[in-house]
Every structure is written in C-alpha cells, then in structure tokens.
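Participant: Could you work out the structure for the sequence below:
(4 chains)
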2 protein chains.
Amino acid sequence: MKTSLPNNSLSKSTRPAGPAGTASSRVFDHLRKDLVGGRFVAGEKLAINSLKERYQVGLSPLREALTKLAAYGLLVQENQRGFRVPKLSQDELDDIAQMRLEMEGMALERAIANGDSLWEADLLAAAHRLKRADISLDKGEEWEHLHTQFHRTLVAPCGSVWLLRFIEQLHDQFDRYRRLGPKMPTIRQELDEQHHQLVELALQRDTKSARELMDDHIHKSYEVALKRYQAHV
Amino acid sequence: MKTSLPNNSLSKSTRPAGPAGTASSRVFDHLRKDLVGGRFVAGEKLAINSLKERYQVGLSPLREALTKLAAYGLLVQENQRGFRVPKLSQDELDDIAQMRLEMEGMALERAIANGDSLWEADLLAAAHRLKRADISLDKGEEWEHLHTQFHRTLVAPCGSVWLLRFIEQLHDQFDRYRRLGPKMPTIRQELDEQHHQLVELALQRDTKSARELMDDHIHKSYEVALKRYQAHV
DNA sequence: GTAGGTTAAAAAATCGATTATTTTATCTAG
DNA sequence: CTAGATAAAATAATCGATTTTTTAACCTAC
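Facilitator: Model (predicted):
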C-alpha cells in the first residue's frame, strides 16, 4: 500500500479562477475569502439578493457558489430556507485544532520523508516571502495569503492528495476563529519565528523535532484563536 | 483541548432529502448513490441534458447538485467544460485506503473511549441488521446501506465532527473501487465475520485489539478493491 | 390577551430562454 | 495530403421570469 502524489482536488477546477474563470467560480473564491476572513457574522442568514449586488452576479452562478461552499463546510444549507454562516463554538474550535494536530503532524512527517531539493527551495522561498510581508506593514490580505501558502508548501510532498485536501479545509475552518478581531503583529512575529524554525528542522530532516514544533505551533495558534473567540462572544 | 460532539455537516442539510427535500437535494442523493455504486464509468464526461431526463429535473437544480458533488469529490468540474466522473487509479486507491487506516483507527479508539451503553446497543443492532441482510439474498442496495450504517455507528461517538465527515467522504471514495464489478457473497461473509468481532472487541473496550482488527479489516477490503480495480482496467 | 387560523409579503427554488464558449466539421493554402 | 483558419453545431453558463415555500402580519373567537 504505497502512497500517491498528484491528481484531483477542489483546487484545479475552482481556485485559479482568475479573470478567465466562470462567474460561479469567481464568486466562490471571493465568498470563500470573505467567509474565512470573517466579513460575515457567524450565524447570520445570507440575503441572496444583496449578495447578488455585492458580487455583481445573477442568481444561478451565485447559488452554485453558495452550494459549493456549503459542501465545503463554510456555509450551512437548510432545505427551503437558504444559506447561513455556521455558528462558532469552542467545541468546534477544539475539534478543528485537534484534527489539525493529528493531520498536519502526519503530513509533515511524510513530507520530510518524501520532499526533494526542489521542495527545500520552495520552502525557503515561502518562509522568506512570509517574513518580508511580516516586516513591511501589512496592506490587505498579503500576509494571510503568504501564511497559507507557507503551510501548504510545508506539507505539500506528503504524498496524499486527500490528506492535503482535508488539511486545507481545516485551515479555512480554523482561520474563521483565528481571524476574529483585528490583527496582532506581536503574535504574528512570534509565530513567524516558529515558521523559520520549522524550515530549519525540515531541511535537517529532523522528523521528531519538527513534529514537536509543529504541535507546539498549532497549539499556540489555538490559544490565539481561542482568546479571540472568547473575546468575540 | 477537549473534543466536541454534534453540530454541522453535509448531512443535516442534504442527506435526509426524502420526499420533502428540494429537487436539488434529491438529485444530489440519487447521483451520489449512482456514482458510488459505479453506475457511471470513470473518466466519463456527463451529458447534462441526458441527466436532466434521467433524473427528471431542470437545469438549475441539476447543476447545483453536480456542483455540490464536485466539491465533495465525487465529480470533477472543469471551468467551461462541464463535469466528469473522476478517473480511478491505484495510486488514489492506495491513498484512500491509507487514509482510512489512519482516520478510522483513530476514530475507533476514541469511540471506544467515549461510547456509552446506548452506543453499545446501536452497535449490536447495526451488526445484527447487517448479518440478516447478508443471509437473505440481497435485493437492491440493502446490504450496502446497512454496511455503511454499521461502520458509521462504529465510530459515531469518536467526538469529532470533522473526523466523521472525512471518514464518510473516504468511504464514498473507497466504495467507488470496492463496488466495481458484481458483488461477491463469499468475500462479503468473510468481512462480515470481522464486523462481529469488531463489535465484540468494542464492547469489551479492548482498544488495542479492536484497532488491530480494524486495520486488518480495512486491509482486507483494500485487497478486494484492488483486485477489482485491476480486473476492471 | 392569546391560541389558532387566514392572508400578504418575502424569500427560495425552479423553469425556459438567451448568451458565451468549446468542440467538431469543413475548407483552403501551401 | 496536412497545418491552420473558418464556420457550424453542440454544450456550458448565465439571465430573467415564474412557481413554490416560508415567514410575517393581521385577524377572529374563545
């Protein structure tokens, strides 16, 4: 039972829906960002007609995007009564964090076992870009994007398409909590320090220490997210 | 960091779309069954217009269902060129099986730790129903449904909504391979034997043995699925 | 006043037709 | 013949209007 590498995903079809994509995929991307970034209040019912204006699309592509987001877990769909933003709860945050612990730990170990020198280069690059964005005052979503990208790169060569897929989904869910409230540069830098240590340990192929650090990293992030959630309620 | 219990899911909104559900959710359920049951050939491009007739719905609900299935991983959507049934590959089968090993093992251990006496009763009932369906000649999808139900019950009290969700998704994916070709009652009974042993070990709270058996069970299923895949190619 | 029922307004879901894009078939120049 | 361009057909995506269902407002009878 060996492991696989590339193949399908939500991504190929829907993510890089830049200027060329369909209306549906563009709204999907946009809404996804907005939901993860906390631009809707948890529990809120979505008024489809205002979304139509907000995102400048017709009903059909909008509904398709909402449907997809519901299947992905960023929305809840109730038959005959539309879509709403999922509520937040500590129980769920705990669940998400614990799953991240298990799955990203597993993925990191495998990535260290499989990753080649191209990966090493990508990793260094991703960490560097992240640090840069950290220093310069963050305009827009730049840091968030690079942060996501860094974690993605870290586990990319784990060899399991499904594991990567689940991890991505969990990240989106986790960020709904972590990104409550305003950004805190102090914490950001503290976590960023760990990012660099992670790269070091990965390059040294020190699986055990890397995993321990990853656990710690997720735990720290969890504490941040939890504080924000509690402050937010 | 404790664990959570109930909450959201794809299920609440979309699964129990019996007679009352929307057209979209009914087609979703139906298509999901058909895809998992292998009634479409892997790689095939779906002709939306024939699906419209086959499932007796209009374009909008049909497209919503297809979109949702793509987000769920049972279809692939390519911008501007519709939907197709994902290809099968041994790499992917290996990936899915390995992920099942990890995740269902984890879930089973947690379920044994958390499950109460109601769970014990449910488990016995589910195993019994499955055995009955096994004996009587299988008309329709009865056995498949009870089998799914059994495995769902087994891990139900694991305490993680997300873990359950991922496992369900992996099961659907796995079944695309396992259910290639005609049903084999012999193998079915052999696996069913393990189901009963699993119940026994779970009731005894013998975590270690239960997990080992679960690993073995998944491994056996994997070999069945692999044989079918190879015969199918 | 309040439970139960009726009606009006709002929202969700679906349909049928239109528009945009891709695919296939056909043509033409080299 | 064949590569590349062009036109026609097929398919995908989107729009606007209609139908269905839910929600809210308003009665009426106890």
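Participant: Now do the SS call for A:L180.
Facilitator: coil (DSSP: H, G, I helix; E, B strand; the rest coil).
Participant: er, A:L88 actually
Facilitator: coil.
Participant: got a list of what it touches?
Facilitator: A:A42, A:R176, A:Y177, A:L180, A:Y229, A:H232 (CB atoms under 8 Å, 6 or more residues apart in numbering or on different chains). Where C-beta positions appear, they are placed from N, C-alpha and C, glycine not excepted.
Participant: hang on, the third one packs against A:R228?
Facilitator: Which is A:Y177. Yes - proximity of A:Y177 to A:R228 meets the contact threshold set by CB atoms under 8 Å, at 6.5 Å.
Participant: Looking at the two, which is more packed in?
Facilitator: Neighbour count, other CB atoms under 10 Å in any protein chain shown: between A:Y177 and A:R228, A:Y177 has more, with 25 against 19.
Participant: Which residue is the nearest non-sequential neighbour of the more buried one?
Facilitator: A:A225 (4.0 Å; CB to CB, 6 or more residues apart in numbering or on different chains).
Participant: what about the helix or strand hosting the one you found, distance to the chain center?
Facilitator: Per DSSP states H and E: A:A225 is located in helix A:207-232. Using CA atoms, centre = their mean, to the nearest Å, the mean C-alpha position of helix A:207-232 is found 14 Å from that of the whole chain.
Participant: circling back: kindly confirm whether my reading is correct that the residue nearest to A:Y177 touches A:F174.
Facilitator: Yes - counting by CB under 8 Å, A:A225 does reach A:F174; the two are 6.6 Å apart.
Participant: Report whether the host helix or strand of A:M106 contacts chain B.
Facilitator: Under the criterion of DSSP H and E, A:M106 resides in helix A:90-114. Yes - counting by CB under 8 Å from any CB of the partner chain, chain B has neighbours in helix A:90-114: A:D91, A:E92, A:D94, A:D95, A:I96, A:A97, A:Q98, A:M99, A:E102, A:M106.
Participant: same question, stretch A:142-156
Facilitator: No - Stretch A:142-156 is not in contact with chain B by CB under 8 Å from any CB; minimum separation 14.0 Å.
Participant: mean confidence for that stretch?
Facilitator: Averaging the model's pLDDT scores along stretch A:142-156 yields 95.
Participant: Which parts of that stretch count as buried, going by neighbours?
Facilitator: Going by neighbour count (16 or more other CB atoms under 10 Å in any protein chain shown), the buried part of stretch A:142-156 is A:E142, A:W143, A:E144, A:L146, A:H147, A:T148, A:F150, A:H151, A:T153, A:L154, A:V155, A:A156.
Participant: Tell me the one among these nearest to A:K33.
Facilitator: A:E144 (8.9 Å; CB to CB).
Participant: Confirm the closest one sits in a strand?
Facilitator: No - going by three-state DSSP, the assignment for A:E144 is helix, not a strand.
Participant: ok, how many other residues are close to the closest residue to DNA strand C within chain A?
Facilitator: Using CB to the nearest atom of the strand, the closest approach of chain A to DNA strand C is made by A:G82 at 2.7 Å. A:G82 is flanked by 15 other residues according to other CB under 10 Å.
Participant: before we move on, what about A:K183?
Facilitator: For A:K183, using other CB under 10 Å, the count is 12.
Participant: which SS state does it fall under?
Facilitator: Quick answer, by three-state DSSP: A:K183 is coil.
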